Structures are given as structure tokens and as C-alpha cells.
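Undergrad: A structural model of the following input is requested.
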Amino acid sequence: MSLAPATRARIEALLAEHRVVLFMKGTRHAPQCGFSAAAADRLNALLDDYASVDVLADEEIRAGIKEFGNWPTIPQLYVGGELVGGADIVQAMFDSGELHQVLGVTAPDRTPPDLTISDAAAAQIRAALADAGELKLFLVVDGRFQPQFQLREAGANDIVVVANGLEVHFDLASAQRARGARIDWARTPHGEGLAIQLPLASPAVKSMDVHALRQRLAAGDITVIDVRPAGDRARAPFAGAEVFEPETHARLTGLPKDTPLAFLCHHGNSSRSAAEHFREHGFTDVWNIEGGIDAWAREIDPSVPRY
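TA: Coordinates of the predicted model:
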């Protein structure tokens with residue numbers, strides 16, 4: 001299938017306008033597939049500002065970008081108009097430090113993390129590794145600081161820690177997020193299992209109903225960020241809210257990290273993803289407005305149109 005000239009022109013215009021472009025499913029703030037999330041996670045760690053193009057919202061671009069770069073899958077990263085590759089290549093280049101060099105950012109800190117494993121946890125892990133063969137134990141910590149153990153083959157760029165006699169491998173991003181981690185064996189009324197504490201993780205996103213939001217707004221001690229598309233904001237405005245768009249991303253993420261932030265969307269789903277994004281950027285007082293603008297219109301201000 002040949003690429004239509006109009007589609008080629010659209011893609012070339014995007015690449016000319018932005019030095020770094022990630023064609024992905026979803027957006028950098030709300031990925032819609034695991035591969036896109038992995039690529040965006042690495043870029044988010046290195047850049048405050050780059051362009052992400054949601055191919056799910058544009059079928060012409062979704063099909064066209066595969067023809068444009070002769071690359072069959074999504075996501076695709078372009079830097080300086082040149083195709084870098086997909087999710088696996090982006091992750092490998094991040095782990096090796098090559099992506100840092102391509103993007104012109106500081107070389108990565110590859111210092112192995114301090115890791116503590118209790119005797120009880122170590123015994124359970126050794127038992128689980130009895131049939132692992134040549135596979136290595138990896139501790140993966142994603143952009144939301146959700147830890148997960150995996151068994152897989154060792155890689156050339158692994159960061160390796162030995163704790164309580166156990167060899168634990170990390171990719172670069174996980175190693176940086178796992179500094180000071182403690183692994184223990186916990187017993188609870190619901191069962192028992194490994195408990196992983198990550199001191200660098202920001203506090204979880206908290207939930208706020210619209211009644212509490214009204215009180216906080218009256219007190220003037222919280223910033224509301226509206227993540228809805230422009231058309232929805234015009235249909236049902238929320239006075240005084242900051243608007244979360246690519247153009248405002250750098251300014252908003254540059255706010256003091258202890259700024260109380262409340263995120264608003266239509267029903268409270270997209271806003272939670274945006275809130276998690278800010279939590280990943282180190283914000284410590286982050287709230288999601290449950291029910292969104294729809295709940296505000298139903299319970300607080302009936303003059304706001306519902307849609």
C-alpha cells in the first residue's frame with residue numbers, strides 16, 4: 001500500500017515541528033497499551049516536553065506512519081525526523097545510555113540501588129527460584145512505582161545487586177526507582193506474601209468528592225487542573241481551573257512539588273491517569289475528583305450543563 005501524499009505531508013509537518021515525536025496508542029500522559037506505556041515511560045524520565053501522537057484517534061496517521069517509516073508496529077519514536085524504533089529498541093537504548101546521548105541529556109546514573117531483603121523473604125524467594133534454571137530474577141518498578149518480580153534472561157545492560165545472598169537484576173529505570181527498597185515477607189488477615197517498600201515512591205493519588213472540592217475551593221488552598229478536551233470544556237466550563245494541554249505541561253509540572261492539585265475530567269477516569277502522571281513527577285499532594293464535572297453539575301452547581 002502506497003502512502004497518500006496528503007498523509008505523508010501531515011507526518012512530515014509533525015516531524016518538522018517537533019524534534020522528538022512518539023507515535024503511540026494513547027498519549028504520553030495516558031497510554032492505551034503496554035508497549036506505548038513502556039516507551040513513554042522512558043521518554044518521560046528524560047524529557048519534560050516532547051510530542052506524542054495518539055494513533056487511536058487518527059486512523060490515517062495510524063496506517064500512514066507504518067508506511068512512512070516501513071515499520072510495522074506502534075509505538076514509533078522519531079528524533080530529528082529520523083526513525084529510532086519501537087518499544088523494545090527505546091527500552092534497550094535507555095538501559096544502555098544511548099537514548100540519553102541521542103536526546104542530548106545527561107548520561108544515566110548506573111549506581112546499583114541499596115536493597116534490603118529480610119531472611120524470611122529471602123527464604124521464600126529461594127524456594128520460588130528452585131526451578132528457574134538459567135533465568136535471572138528481575139525486580140521491575142514501573143513509572144507508577146508498582147513493583148513486580150519477573151524471571152527472564154540476563155541482559156548486557158542489567159544493573160545487578162546481591163542482597164542477602166540473592167542476585168537481583170534491574171533495568172536502568174527500575175534501579176533508579178528502587179533505591180533504598182526493602183523486601184520482606186508479610187502476613188495479613190488476607191494471606192501472606194512479599195511486601196516491597198519503595199521509599200522514593202510519592203504518596204498515592206487520593207480521592208476527593210465534589211463537596212470536599214467546593215470546600216477546598218472556598219478556602220483557596222487547592223489548584224484544579226481540567227484535563228478534558230477543549231470542546232468539553234467549552235460545553236461545560238469549570239471556572240478557575242488550569243487547563244492541562246501539551247502547551248501547558250512544562251509550566252504545570254514545574255509547580256512546587258508540594259502544591260495541592262485536584263484533577264477534573266468528565267466522570268473521573270481520565271483525570272486519575274493525569275493525576276498519576278503528576279505523582280510520577282514527584283508531586284506529593286495529588287487528588288482525583290471522583291465523578292468529575294458530571295458530579296459537580298448534579299450535586300453542586302445545576303447551572304453547569306451535563307453531557
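
Undergrad: List the contacts of residue 255.
TA: With contacts defined as Cβ atoms under 8 Å, 6 or more residues apart in numbering, the neighbours of residue 255 are 223, 261, 283. The way it works is simple: take the backbone N, C-alpha and C, and place the C-beta from them, glycine included.

Undergrad: For residue 68, see how far away the first one is.
TA: Right, residue 223. 40 Å (Cβ to Cβ, to the nearest Å).

Undergrad: The lowest-mean-pLDDT helix or strand in the chain packs against which elements?
TA: Scoring the helices and strands of the chain by mean pLDDT, DSSP states H and E places strand 30-31 at the bottom, with a mean of 81. In terms of contacts (3 or more Cβ pairs under 8 Å, 6 or more residues apart in numbering; DSSP states H and E), strand 30-31 is packed against helix 270-280.

Undergrad: quick one: average pLDDT of the helix it packs on?
TA: Helix 270-280 carries an average pLDDT of 88.

Undergrad: Between its first and last residues, how far does stretch 201-215 reach?
TA: End-to-end distance for stretch 201-215: 29 Å, by Cα to Cα, to the nearest Å.

Undergrad: residues of it that come out buried?
TA: Of the residues in stretch 201-215, those with enough neighbours to count as buried (16 or more other Cβ atoms under 10 Å) are 201, 202, 205, 208, 210, 213.

Undergrad: Max pairwise distance over those residues: which two?
TA: The two members of the buried residues of stretch 201-215 with the most space between them (Cβ to Cβ) are 201 and 210, at 28.0 Å.

Undergrad: hey, where'd the strands end up in the stretch 151-300 of the chain?
TA: For the stretch 151-300 of the chain, the strands identified by DSSP state E, counting those that start in this stretch occupy 159-163, 166-170, 181-188, 191-197, 206-208, 223-226, 242-243, 261-264, 286-289, in order along the chain.

Undergrad: per-domain residue ranges of this protein.
TA: Domain assignment of the chain by automatic domain parsing yields the ranges 5-103, 115-197, 206-299.

Undergrad: next one: the second one to chain centre, how far?
TA: In this view, domain 115-197 has its centroid 21 Å away from the chain centroid, taken as Cα atoms, centre = their mean, to the nearest Å.

Undergrad: do the same with stretch 38-51
TA: The mean C-alpha position of stretch 38-51 is separated from the chain mean by 8 Å, Cα atoms, centre = their mean.

Undergrad: and if you look at stretch 85-103?
TA: In terms of Cα atoms, centre = their mean, the centre of stretch 85-103 is found 17 Å from the chain centre.

Undergrad: List the buried residues for it?
TA: Neighbour counts using 16+ other Cβ under 10 Å place 85-87, 89-96, 99-100, 102-103 of stretch 85-103 among the buried residues.

Undergrad: same thing with stretch 142-157?
TA: 142, 143, 144, 145, 147, 157.

Undergrad: ok, the fourth one to residue 303 distance?
TA: Distance of residue 145 to residue 303, computed by Cβ to Cβ: 40 Å.

Undergrad: that older thread, which residues touch the least confident helix or strand of the chain?
TA: The contact list for strand 30-31, computed with Cβ under 8 Å, 6+ apart, reads 24, 25, 37, 40, 270, 273, 274, 277.

Undergrad: any chance of those in a markdown table, with distance to residue 17 too?
TA: Putting these into a markdown table (distance: Cβ to Cβ, whole Å) gives the following:
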| residue | distance to residue 17 |
| --- | --- |
| 24 | 17 |
| 25 | 21 |
| 37 | 24 |
| 40 | 19 |
| 270 | 25 |
| 273 | 25 |
| 274 | 24 |
| 277 | 23 |
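
Undergrad: which two from the residues you listed end up farthest apart in space?
TA: With distances taken as Cβ to Cβ, the most widely separated pair in the contacts of strand 30-31 is 25 and 274, at 17.0 Å.

Undergrad: ok, those two, which is more surrounded?
TA: residue 274 (24 against 19; other Cβ atoms under 10 Å).

Undergrad: what's the spacing between that one and residue 228?
TA: Counting by Cβ to Cβ, the separation of residue 274 from residue 228 is 10 Å.

Undergrad: next structured bit after the one helix or strand residue 88 maps to?
TA: With elements taken from DSSP states H and E, the one containing residue 88 is helix 87-96. Toward the C-terminus, helix 87-96 is succeeded by helix 98-103 as the next helix or strand (DSSP H and E).

Undergrad: which helices and strands sit right next to that next one?
TA: Taking 3+ Cβ pairs under 8 Å, 6+ apart as contact, the helices and strands that helix 98-103 lies on are helix 34-46, helix 87-96.

Undergrad: For the chain, which residues score under the pLDDT cut-off?
TA: Scanning the chain for pLDDT under 70 picks out the ranges 1.

Undergrad: what sits against residue 136?
TA: Contacts here follow Cβ under 8 Å, 6+ apart; on that basis residue 136 touches 151, 152, 153, 154, 158, 167, 169.
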